[in-house]
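Trainee: I need the structure of the sequence given here:
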Amino acid sequence: MLPGVLILACWVLLILYWNISARSSKPVAESQSWSGRLARVPVWLGYILLVAAWAHPFGLRVIPNTVTAEYSGVAICAAGLFAAIWSRKTLGSDWSRDVELKQGHKLVERGPYRFVRHPIYTSHLLMGLGTAVASGLLVAFVGLLLFFIGFWIKLRQEENLLLNHFPNEYPAYKARVKALLPFVF
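Mentor: Okay, the predicted model is just below:
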């Protein structure tokens, strides 16, 4: 029971921080198209499945329900929360929920952006992984897969936007820093 409460607390803290810090974002210079925003659909479906795995556990269990699995999931989720807040704070007023460019947008390469180009996506995936591990249910891992698909689509959109607006700096940054997993991927 406690691991579920801790996982929920991580997600609630993320949502609160995201909504409060969104107020300090710069005005938009270049918006994402409506069709481009469809990339959020797999992410939202993933959230729904992750929540469903906790709210009404059902389906095939792929990880045994043990204290070790539950608290490992909590630790992974908490690490993801820490990374998400660090990433969002580092990005500052250039952050956006959608793939868009802000007025006076700068290419950020410090903080967690030294290790991966998209640490916010990595951190959300970590939180999803922790949630899935703690629940142990296949439906949660399907939710995690949908997370990955949605964030991969957004990542590709964001890469194109940054390559267009930072044609000199971004290719070098991209060659030096991996997308989601430090030194690997």
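
Trainee: Output the contacting helices and strands for the worst-scoring helix or strand of the chain on mean pLDDT.
Mentor: Ranking every helix and strand in the chain by mean pLDDT, DSSP states H and E puts strand 28-30 at the bottom, with a mean of 87. In terms of contacts (3 or more CB pairs under 8 Å, 6 or more residues apart in numbering; DSSP states H and E), strand 28-30 is packed against strand 101-102. (Each C-beta comes from the backbone N, C-alpha and C, glycine too.)

Trainee: Summarise which helices and strands the strand it packs on is packed against.
Mentor: Under the contact criterion of 3+ CB pairs under 8 Å, 6+ apart, strand 101-102 touches strand 28-30.

Trainee: Report the distance from the helix or strand that Thr68 is a member of to the chain centre.
Mentor: Secondary structure from DSSP states H and E places Thr68 in helix 67-91. Mean C-alpha position of helix 67-91 versus that of the full chain (CA atoms, centre = their mean, to the nearest Å) differs by 11 Å.

Trainee: buried sites along that helix?
Mentor: Neighbour counts over helix 67-91 (16 or more other CB atoms under 10 Å) mark 69-70, 72-74, 76-81, 83-88, 90-91 as buried.

Trainee: Stretch 3-21 now?
Mentor: Result for stretch 3-21 [16+ other CB under 10 Å]: buried residues 3-4, 6-7, 10-11, 14, 21.
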